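In: Need coordinates for the following:
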Amino acid sequence: MTATDKDRAFAHYMRQVAEAREDPVKYAEMILRDEVGARIRMAVLHEAIYAHIEYCRSHNLHAMVLVPFGMGKSVLSVARLTYDIGRDHNIRAKLVCGIEADAEKRLGMAKTIILSNAYRTVFPNVRPNTDKKWTGGEIFIERTASMSMEPTLEARAILGEGVGVRADEILFDDVVTLKNAVLEPANRNKVIDVVHGVWMYRLEQPRGFAIWLATPYHEQDCTNYIFVKAKRARGKWCVLRIPISKDCSRMRCEVYNAPRGYEQATGIRDGMDIPLWFKKFPQKVLLAELEADESSFTRGRWLTSYSAKDLLFPSFPGIWRPPSKATAVGDGWPRVFGVDLASHGRRGNVIFCGALSPAKRRHPLEIRIGKWSAGEWARNMTEMWRLHNPRTIVIENNALQEMVIGMVEDNPEKYPWWDLIDHYTTGKQKADPIIGLPGMEMEFSHGAWEASTALCSDRVDQLGQKHAPDCDCGRCRWQEHAVNCDCGPCTWRRETGVHTRETKDPQDTVLAAMFFDHGCRTLLNYGLEGGEEQSDGIPNDLLAR
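Out: The predicted structure is shown next:
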């Protein structure tokens, strides 16, 4: 490359820097990198999101953006915050998520951007405040005018501590989660109250600005509370909603509570179609998702919220109790295994262990899930059999299970639990109102199940010290588990909590719980619910069918 070429390339780069300083879209394209380290190219979807946010900011409105999950909204929102920090060193911004881990992750991304060479090129006057320590929840930039002691950017959980005093801008990113919207219904109103009574109250008036980015969960959660008010043209929230079309060929923009002039200023018309983000989500990928799980697709891509009438197990959240001596499981209560096997190479092998109390109440004790081979499954079964000594092991009777069970029954010395296996044929029984999945909802609603909120915790801290059953530290509290935690109990809680009446195939943990429930019914039919020994009138091999 000649000197002239280098000069031209440098001049071109500096023009890009100047454009990035004035245009948030150009800024994002310069700062952000894809998975291979190359600059990103904003899709039409992303340009629409930025145009909506910019319009709302300039017209003293709050911006709500509802888009399908996985569309890059969190990355764009964090980049947008760093852009605002570069433009105004005195800003006091807050980033609020559903859980603290997500908030800190986004703050970490903001730190990486601000400390990058590209950012310093665009905003050379942004300097970290060396007198203030950057933490997992706060970062400080040297201010040019303000004497405020507030962090430049503060990241918190919606129901966490450390709200701070005042804010010029608040970004609410995935504040509503599966847990606080569906699995913990009591928290829906709590989130609404905290958003409006605490966080929004911190905004400086009259120019304080809020952004709400979300994928809806439940028709009574905080996202829908704001959305419904905007649909009725009430309040300052202006909404841009962009669901995937029914045939998965495009996306459609819907605009609510926008003033006149919105279309002319943004180029976004209510009802207009925009192309898919083909790089990440071409039509064939979306159609495959739809075929695999229509229930999740309906919420996550078509942006249709769950409602109480949609969920098959609306009473399921009510079975959870904090650990205490009153809810302790008796050593003599009979244990039951429910087992669901998945094809080789798929994470879906589930062993569901629970106890049956004298009051005929089901108590889940341990749930294991994994991508196992037949041998790995058998080893897990043997280990859990030694730990829990079950009375019966219920396994669905199909070709795959028969093959694996045959392996076990051919090796009785290696697998001494083989004669506890109860072959269960599912078929149409899944829909039976008494012994199928609807029957489990009846049991949930009548108190026939009780699950400890510490089910997913090993009760051991990082130093190896065992914690008491009623310990309420952060390690032991259920609430500290992330929404996307993939341990067995969290997976069961998540899959059962969002199982709808329209779900074609129950998830693996839901089926395993149904098999466990069938085993409990079997014991009840033979009078073994109290933990007593089998009577002489019952053959010893009655449960080994």
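
In: For residue 135, grab the count of nearby residues.
Out: Applying other CB atoms under 10 Å, we find 13 other residues in the vicinity of residue 135. C-betas here are computed from N, CA, C, even on glycine.

In: I'd like the numbering to begin with 181 instead of 1 from here.
Out: That works, and once the first residue is 181, the last one we named lands at residue 315.

In: Check it and give its pLDDT.
Out: With respect to pLDDT, residue 315 scores 81.

In: for residue 581, same thing?
Out: 63.

In: Sketch out the helices for the stretch 481-630 of the chain, chain order is fine.
Out: For the stretch 481-630 of the chain, the helices defined by DSSP state H, counting those that start in this stretch cover 554-568, 579-589, 617-625.

In: For the stretch 181-330 of the chain, give me the ranges with low pLDDT.
Out: Scanning the stretch 181-330 of the chain for pLDDT under 70 picks out 181, 183, 327.

In: Which strand or helix spans the nearest residue to residue 480 once chain neighbours are set aside?
Out: Closest residue to residue 480 apart from its sequence neighbours, by CB to CB, 6 or more residues apart in numbering: residue 249 at 4.8 Å. Using DSSP states H and E, residue 249 maps to neither a helix nor a strand.

In: quick one, what contacts residue 249?
Out: By CB atoms under 8 Å, 6 or more residues apart in numbering, residue 249 lies in contact with 395, 480-481.

In: Who wins on neighbours among these?
Out: In terms of neighbours by other CB under 10 Å, the contacts of residue 249 top out with residue 481 at 23 neighbours.

In: Any figure for the gap between that one and residue 543?
Out: Counting by CB to CB, to the nearest Å, the separation of residue 481 from residue 543 is 37 Å.

In: now do residue 222
Out: For residue 222, the distance to residue 543 - CB to CB - is 52 Å.

In: Flag the helix or strand of the protein with the lowest per-element mean pLDDT.
Out: Here the helix or strand of the chain ranked lowest by mean pLDDT, DSSP states H and E is helix 579-589, holding a mean of 68.

In: Surely residue 443 forms part of a strand?
Out: No. Counting by DSSP: H, G, I helix; E, B strand; the rest coil, residue 443 is not found in a strand; it is helix.

In: Residue 421 versus that one, what's the distance?
Out: As judged by CB to CB, residue 443 and residue 421 stand 15 Å apart.

In: Settle it for me: which of those two has more neighbours?
Out: Neighbours per residue (other CB under 10 Å) separate residue 443 from residue 421, with residue 421 holding more: 19 against 13.

In: give me every residue that touches the more buried one.
Out: 246-247, 407, 433-436, 483.

In: is it in a bridge, and if so with what?
Out: With DSSP bridges as the criterion, residue 421 is bridged to residue 246, residue 434.

In: all strands for the stretch 331-480 of the chain, in order.
Out: 333-337, 349-353, 389-394, 417-421, 431-432, 434-436, 453-454 (DSSP state E, counting those that start in this stretch).

In: Give me the helices and strands touching the longest one, please.
Out: Contact here means 3 or more CB pairs under 8 Å, 6 or more residues apart in numbering; DSSP states H and E; on that basis strand 389-394 packs against helix 224-238, strand 242-246, helix 253-267, strand 349-353, helix 402-411.

In: Next up, the contacts around residue 442.
Out: Residue 442 sits next to 235, 418, 435, 448 when contact means CB under 8 Å, 6+ apart.

In: State the distance from the spatially closest residue to the second one that is not a sequence neighbour to residue 446.
Out: Yep, that's residue 418 we're talking about. Closest residue to residue 418 apart from its sequence neighbours, by CB to CB, 6+ apart: residue 241 at 4.5 Å. Relative to residue 446, residue 241 is positioned 12 Å away (CB to CB).

In: List the contacts of the closest residue to residue 527 other than its chain neighbours.
Out: Distances taken as CB to CB, 6+ apart place residue 551 nearest to residue 527, at 3.9 Å, with adjacent residues excluded. Neighbour list for residue 551: 522, 525-529 [criterion: CB under 8 Å, 6+ apart].

In: out of those residues, who's nearest residue 319?
Out: Among the contacts of residue 551, residue 527 lies closest to residue 319 (CB to CB), at 37.2 Å.
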